[in-house]
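# Test case, fold it:
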Amino acid sequence: MKKKVIIAVVLLIAAALGFSLTSKPSVEVIKLESKLYKKTFVEEGKIKSVDSIDVYSKINAKALKVLVKEGVEVSKGDKIIELDTKELKNSVDALKGQLKSVEGQEKAAFKSPLESEINGKKLEIEQIEKDIKEAKDDFDKNQTIYNNGGISKEEFETIKNNLAKLENNLLQQKEALALLEERTKPTVGDKEHYEGLKESLRAEIKNLEEKINSSHIKSPITGVVSKIYAKKGENLNTVSPVFKVYSKDGYEIETYILTDKAIDVELGDDVDIIQERSDHKETFTGVITYIAPAAEEMVSSLGLKEQKVKVLVVPDEKQGIVLRPGYEVDLVFKLVEEEGIVIPKISIYDEDKIIKLNEEGMFEEIVVTKISSNETEYLVTGEGLEGINIVYKPEDVSLNSNKKYKADFKN
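Next up is the predicted model:
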């Protein structure tokens with residue numbers, strides 16, 4: 001009986017040992033798939049009662065028409081003031097004329113001679129070469145006659161000079177042909193000169209055309225025009241407001257953001273508005289309608305002095321947001337929203353490396369390129385990243401391990 005028990009125990013130990021030798025240890029992995037990457041920052045905002053927005057002209061121009069009256073309700077994007085862009089259009093036409101002139105000068109400078117002109121010069125050279133051959137034959141023949149006293153020295157000198165003139169003429173015509181052919185090869189300096197002129201004129205034209213596209217000053221929001229400062233025929237500038245508009249609902253959200261973040265936001269940017277309810281949070285959308293031109297010195301909750309910029313956000317219409325003065329909300333500013341490969345920061349080691357678990361259960365090191373980062377993730381690029389499994393926490397494994405692992409996918 002004891003012998004049977006001992007044999008059973010031995011068999012159990014052997015089975016357990018065999019299982020431990022053949023089973024693979026597991027490692028926590030994640031599968032890389034393309035998804036929406038977001039880089040945002042959150043600031044606290046406070047709802048304020050009726051406020052208004054001063055709207056400015058983007059260009060210096062004369063007010064051609066004032067299209068609405070004070071007290072009129074307008075929608076976002078409605079035209080309020082039409083500007084006179086005649087002078088800008090005239091300037092564009094003048095610059096286009098200059099550009100055309102420069103292009104003409106360039107063509108003239110690099111103009112290739114007519115093929116017939118070159119061919120004519122070549123025929124002329126061929127004829128001179130024939131004349132030279134005949135003149136040489138005549139010279140050789142008369143030189144013998146001259147040596148025998150058959151012709152005078154003056155007659156012989158005339159024949160000799162005729163040959164010299166023909167040879168000199170041949171040299172000149174060959175030089176003329178070379179100059180004609182050289183005209184087809186513009187110098188690098190000349191080409192860069194004309195390219196620079198054209199590029200400068202095109203940039204000026206583009207700048208003016210962008211200003212012409214701003215010929216209508218529009219309402220940035222849906223609301224009521226409370227004040228029109230501009231008058232028909234008045235010269236407007238970019239530093240004085242031309243009209244004031246306030247939200248129909250009469251509320252907006254005020255916040256202050258650090259200067260380094262303010263650089264990345266612009267008028268018209270969409271913003272998520274998060275409002276706390278008793279048992280959940282509601283998310284709404286809004287748009288930036290004002291960014292202060294200068295920062296203000298403020299004191300943080302920790303007593304530190306900070307430079308912050310005032311920003312106003314108006315909620316979009318037809319939402320369930322409760323707009324009451326003094327209510328606080330969170331504003332989510334969106335800096336980047338891009339589809340791509342996103343990797344948790346914890347899954348990257350040594351600055352730019354990840355560990356792939358291949359189909360054989362072995363580790364492979366892969367280098368990635370970081371594009372952007374938020375608080376928890378990196379947006380990266382690299383070859384063959386889509387669909388691979390990577391170790392979630394590289395610090396927990398050894399890259400040099402010869403063991404084979406099985407994937408334990410992170411929930």
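
# And the helices in the stretch 251-400 of the chain?
Secondary structure of the stretch 251-400 of the chain (DSSP state H, counting those that start in this stretch): helices at 259-262.

# The stretch 51-200 of the chain now?
With DSSP H, counting those that start in this stretch, the ranges of helices along the stretch 51-200 of the chain come out as 86-109, 115-147, 153-182, 188-212.

# want to try CSV for those helices, with mean pLDDT as columns?
Shown next, in CSV, are those (pLDDT from 0 to 100):
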stretch, mean pLDDT
helix 86-109, 84
helix 115-147, 86
helix 153-182, 85
helix 188-212, 83
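
# residue contacts, Lys130?
Taking C-beta atoms under 8 Å, 6 or more residues apart in numbering, we find Lys130 in contact with no residue. (Glycine included, C-beta is placed from N, CA and C.)

# switch the cut-off to 10 Å
Shown in contact with Lys130 (C-beta atoms under 10 Å, 6 or more residues apart in numbering): Leu166.

# do the same with Glu117
Counting by C-beta under 10 Å, 6+ apart, Glu117 makes contact with 177, 180.

# Roughly how far does it sit from Leu180?
Note on Glu117: its distance to Leu180, by C-beta to C-beta, to the nearest Å, is 7 Å.

# buried sites along stretch 260-271?
262, 265, 269, 271 (16 or more other C-beta atoms under 10 Å).

# export it as CSV, just CAs?
Taking Å, rounded to 0.1, in the frame of the first residue of the first chain, the C-alpha atoms of stretch 260-271 are listed here in CSV:
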residue,chain,number,x,y,z
ASP,A,260,1.7,79.5,-22.9
LYS,A,261,-1.7,77.9,-23.6
ALA,A,262,-3.4,81.0,-24.9
ILE,A,263,-0.9,80.9,-27.8
ASP,A,264,-2.6,77.7,-29.1
VAL,A,265,-6.2,78.9,-29.1
GLU,A,266,-7.9,81.1,-31.6
LEU,A,267,-11.2,83.0,-32.1
GLY,A,268,-13.9,80.7,-33.4
ASP,A,269,-12.3,77.5,-31.9
ASP,A,270,-14.9,75.0,-30.6
VAL,A,271,-14.8,74.3,-26.8
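
# centre of the chain versus it, how much separation?
18 Å (C-alpha atoms, centre = their mean, to the nearest Å).

# which residues of the stretch 251-400 of the chain fall in strands?
Secondary structure of the stretch 251-400 of the chain (DSSP state E, counting those that start in this stretch): strands at 252-258, 270-276, 281-291, 296-299, 305-315, 328-344, 353-357, 363-367, 369-373, 377-381, 389-391.

# Could I get these in a markdown table, plus columns for mean pLDDT?
Shown next, in a markdown table, are the strands of the stretch 251-400 of the chain (pLDDT from 0 to 100):
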| stretch | mean pLDDT |
| --- | --- |
| strand 252-258 | 93 |
| strand 270-276 | 93 |
| strand 281-291 | 92 |
| strand 296-299 | 94 |
| strand 305-315 | 94 |
| strand 328-344 | 93 |
| strand 353-357 | 94 |
| strand 363-367 | 93 |
| strand 369-373 | 92 |
| strand 377-381 | 94 |
| strand 389-391 | 94 |
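
# what about these, which gets the closest to Tyr246?
For the strands of the stretch 251-400 of the chain, proximity to Tyr246 was assessed by C-beta to C-beta; strand 252-258 is nearest, at 8.7 Å.

# How far off centre is the closest one?
Relative to the chain's own centre, strand 252-258 is displaced by 29 Å; criterion: C-alpha atoms, centre = their mean.

# cool, stretch 39-56 as well?
Centroid separation between stretch 39-56 and its chain, computed with C-alpha atoms, centre = their mean, is 29 Å.
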